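Novice: Here you go, sequence then predicted model.
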Amino acid sequence: MQYRNSKMYVPTDKGSLSVHGTSYVEVNSDRARLNVRVSSENKSLEEAQDKNSEISKRILSSLSDYGIDKENIHSEDLSVIRNYDYNTNTLTSYKVTQLITILIDDFSKIDDVYSLVIENGANDDISIDFILSNPNHYYNKTLKRATQDALNKANILAKNFGVKYNPIPYKIVETSSPLYSITYYSSSITYAQGISPGLVKITAEIEATFSTYPY
């Protein structure tokens, strides 16, 4: 009688395990960004531009005299809006607007700078953002925590499903970015309003895929 040698069948196909790693931190902002709009309106575009330029130059000069570094003052290009009387379909005036952005690292100076721009002609919306001077530093720390979160989840899922896995993922996708994953809080302010720095939320997310094997 012949007997066939037989072995237990062991599946060798690899599987995969995908996890989503996420983390976030909230830190106090260390920089204020004051957004100042200067607007002028006139039937003459040239006169509106000249008036707006005069106010903007006065504000910029006052900021320089106060001691704000030039590198912390940014003046955007002019924008022009044409106003019409839609009953008669005629052009009535031009509105010229310029945005001046001022970065302030010493929060005790915010009230002074706000008063300064008002006194020198700022006549449109003024808002303040509390931001970070080095956001990438915090984002990279948060990203590292997100990778650890992915590893922890992979370990839990592998154990619960009874499979082995290679702890080195064969695919990693960073689904967040510093540009879109940092939440700043902005608000309009009025003179003498109590201003205090706000929290900044930094979020990092990844997707990681690991190879799995049966026990």
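Specialist: Received the coordinates, thanks. As the structure is a computational prediction, the values presented were derived from the model and not from experiment.
Novice: and the nearest residue to Asn52 once chain neighbours are set aside, what does it touch?
Specialist: Sequence neighbours aside, Ser40 is the residue nearest to Asn52 in space, at 4.0 Å (criterion: C-beta to C-beta, 6 or more residues apart in numbering). From N, CA and C alone the C-beta is placed, and that goes for glycine too. Applying C-beta atoms under 8 Å, 6 or more residues apart in numbering to Ser40 gives the contacts Ala48, Gln49, Lys51, Asn52, Ile55, Lys95, Val96.
Novice: So what's the residue count around the third one?
Specialist: Burial of Lys51 is recorded as 18 neighbouring residues (other C-beta atoms under 10 Å).
Novice: Next: the fifth one.
Specialist: Burial of Ile55 is recorded as 20 neighbouring residues (other C-beta under 10 Å).
Novice: Also Lys144?
Specialist: Neighbourhood size, Lys144 [other C-beta under 10 Å]: 12.
Novice: separation between the spatially most central residue of the chain and Asn140?
Specialist: By C-alpha atoms, centre = their mean, the mean C-alpha position of the chain lies nearest to Ile182, the distance being 4.3 Å. For Ile182, the distance to Asn140 equals 12 Å [C-beta to C-beta, to the nearest Å].
Novice: Over to Ile118?
Specialist: In terms of C-beta to C-beta, Ile118 sits 39 Å off from Asn140.
Novice: With Tyr84 instead?
Specialist: 50 Å.
Novice: For this protein, which segments count as helices?
Specialist: In the chain, the helices defined using DSSP state H lie at 45-66, 110-119, 135-161.
Novice: So Leu116 is in contact with Leu63, correct?
Specialist: Yes - counting by C-beta atoms under 8 Å, Leu116 does reach Leu63; the two are 6.7 Å apart.
Novice: Between the two, which has more neighbouring residues?
Specialist: Set side by side, Leu116 and Leu63 show more neighbours around Leu63, with 22 against 19, by other C-beta under 10 Å.
Novice: what's near enough to touch that one?
Specialist: Leu63 touches Ile73, Ile102, Val113, Leu116, Val117, counting by C-beta under 8 Å, 6+ apart.
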